[in-house]
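> Give me coordinates for this.
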Amino acid sequence: MNSSVIEKCVGQKVDLIYVDTSGKFTMRRVDLFSIRNGKARVYDVRKRGFRTLVVDRILAVQACSPVGN
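I've put the predicted structure just below:
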């Protein structure tokens with residue numbers, strides 16, 4: 001996925017599809033805080049913790065709809 005698309009989502013809650021180093025696909029809802037040096041700093045809502053994800057392993061990203069919409 002193009003990192004410029006992901007960079008536009010910084011500061012938002014997003015749903016993303018990520019593939020880890022073992023090839024496992026996961027869908028995550030995260031708060032996207034920053035992107036630096038090919039890595040995204042996120043807060044994983046379900047796991048209730050911060051994670052660092054490799055941007056090249058993010059396959060899709062979609063902004064979450066605001067509550068009430």
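> Which parts of this protein are strands?
Secondary structure of the chain (DSSP state E): strands at 13-19, 25-36, 39-44, 49-54, 58-63.
> ok, what's across the strand from the nearest residue to residue 49 once chain neighbours are set aside?
Excluding the flanking residues, the one nearest residue 49 by Cβ to Cβ, 6 or more residues apart in numbering is residue 43, at 7.3 Å. The C-beta positions use only the backbone N, C-alpha and C, and glycine is treated the same way. Taking DSSP bridges as the rule, residue 43 bridges to residue 31, residue 50.
> surely residue 43 meets residue 28?
No: taking Cβ atoms under 8 Å as the definition, residue 43 is not a contact partner of residue 28, at 10.2 Å.
> and the residue positioned nearest the centre of the chain, what pLDDT?
Centroid check for the chain by Cα atoms, centre = their mean gives residue 16 as the closest residue, at 5.0 Å. Reported pLDDT at residue 16 in the predicted model: 95.
> OK, contacts around it?
Listed by Cβ atoms under 8 Å, 6 or more residues apart in numbering, the contact set of residue 16 reads 27-28, 30, 58-62.
> so where's this structure uncertain?
Filtered on pLDDT under 70, the chain yields the residue ranges 65-69.
> Residue 46 and residue 27 touch, don't they?
No: Residue 46 lies out of contact with residue 27 (Cβ under 8 Å); the separation is 9.6 Å.
> joint contacts of the two?
In contact with both residue 46 and residue 27: no residue, using Cβ under 8 Å, 6+ apart.
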